[in-house]
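Engineer: What follows is a predicted structure for the sequence shown.
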Amino acid sequence: MRDASHSGQVDPGLAVGPQLTRILRERIVRNLLEPGERISEAEIALQYGTSRQPVREAFIKLAEEGLVEVRPQRGTFVRKISTADVMDARFIREAVEADVVRALAGDPDPALLRELDAQLEAQRALVRTEPQDFRPLDDLFHRTLAEGAGLPYVWRVIDGLKTQMDRVRQISTEKFALGKLIEHHSAVVEAIRRCDADGAESAMRLHLREILNDLPIIRGARPDLFEDPGRPERT
């Protein structure tokens with residue numbers, strides 16, 4: 001069964017609010033609901049065939065995540081992308097995931113390496129056909145690394161704080177060639193395979209710093225998508 005966040009439909013047999021939260025979050029991350037766009041409880045409820053209460057619950061959750069904002073007397077709007085939040089998430093990811101791959105390189109698990117090799121092949125195949133859908137495979141790769149290191153909670157924490165970063169990553173997948181990112185992934189895997197902790201860390205840091213190259217280009221081309229377009233990036 002396809003997950004509701006991808007199908008765009010809700011399952012009436014499950015709690016509707018969390019499903020709508022996932023669906024709307026993904027629509028915001030994919031810029032199908034654009035920064036600054038007004039969204040209506042009534043219209044969302046009609047679109048997904050539900051009452052307004054679960055839509056209201058989803059709006060509250062998305063506001064807590066910084067993805068929408070409620071403006072009194074005006075309505076609910078998709079927040080513009082926060083450069084500050086993007087940079088904070090990137091910094092935290094680099095600090096944490098560099099240690100994750102160091103740990104994996106200390107005692108490589110052959111089964112994990114086989115899984116990562118298979119994921120790399122899937123990434124290469126997808127980039128040839130549907131590059132706009134690369135981000136979920138990228139997330140799966142990083143989650144597999146964390147879980148392989150016995151740190152599933154670490155990934156859950158990272159996943160919860162990187163939504164603003166994901167919005168930029170989604171634009172990157174649609175604007176830039178993705179071969180470089182797959183090369184980075186491959187370099188991480190090969191370093192782990194060689195038990196090269198320094199090499200794995202270096203490859204991961206390089207990978208997670210790629211957004212520092214993409215962000216100024218995206219922000220320069222579409223300053224209207226950002227709430228702080230003049231903010232300098234931190235390295």
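Structural biologist: Structure's in. What do you need?
Engineer: Going by C-alpha atoms from here, please, whenever you check contacts or count neighbours.
Structural biologist: Will do.
Engineer: Now the element after the helix ranked longest in the chain, going C-ward?
Structural biologist: Longest helix in the chain, counting residues (DSSP state H): helix 83-106. Reading on from helix 83-106 to the C-terminus, the next helix or strand found by DSSP states H and E is helix 110-129.
Engineer: quick one: contacts for Ala63?
Structural biologist: Going by C-alpha atoms under 8 Å, 6 or more residues apart in numbering, Ala63 touches 69-70.
Engineer: do that again at 10 Å, thanks
Structural biologist: Residues in contact with Ala63 (C-alpha atoms under 10 Å, 6 or more residues apart in numbering) are 57, 69-70, 76-79.
Engineer: State the distance from Trp155 to Glu94.
Structural biologist: According to C-alpha to C-alpha, to the nearest Å, Trp155 stands 12 Å off from Glu94.
Engineer: From the contact counts, what lies against the longest helix of the chain?
Structural biologist: Applying 3 or more C-alpha pairs under 10 Å, 6 or more residues apart in numbering; DSSP states H and E, we find helix 83-106 packed against helix 134-148, helix 152-161, helix 163-175, helix 179-193, helix 197-208, helix 210-221.
Engineer: Going by neighbour count, list what's buried in that helix.
Structural biologist: By 16 or more other C-alpha atoms under 10 Å, the buried positions in helix 83-106 come out as 83-91, 93-94, 97-105.
Engineer: And for stretch 148-166?
Structural biologist: With burial defined by 16+ other C-alpha under 10 Å, the residues of stretch 148-166 counted as buried are 148-149, 154-155, 158-159, 161-166.
Engineer: cool, stretch 34-46 as well?
Structural biologist: Within stretch 34-46, the residues that count as buried by 16+ other C-alpha under 10 Å are 34-36, 38-41, 44-45.
Engineer: Return the member of the buried residues of stretch 148-166 nearest to Gly49.
Structural biologist: Gly49 lies nearest to Thr163 out of the buried residues of stretch 148-166, by C-alpha to C-alpha, at 26.5 Å.
Engineer: From Gln53, how far off is the closest one?
Structural biologist: Distance from Thr163 to Gln53, by C-alpha to C-alpha: 24 Å.
Engineer: Gly199 too?
Structural biologist: 51 Å.
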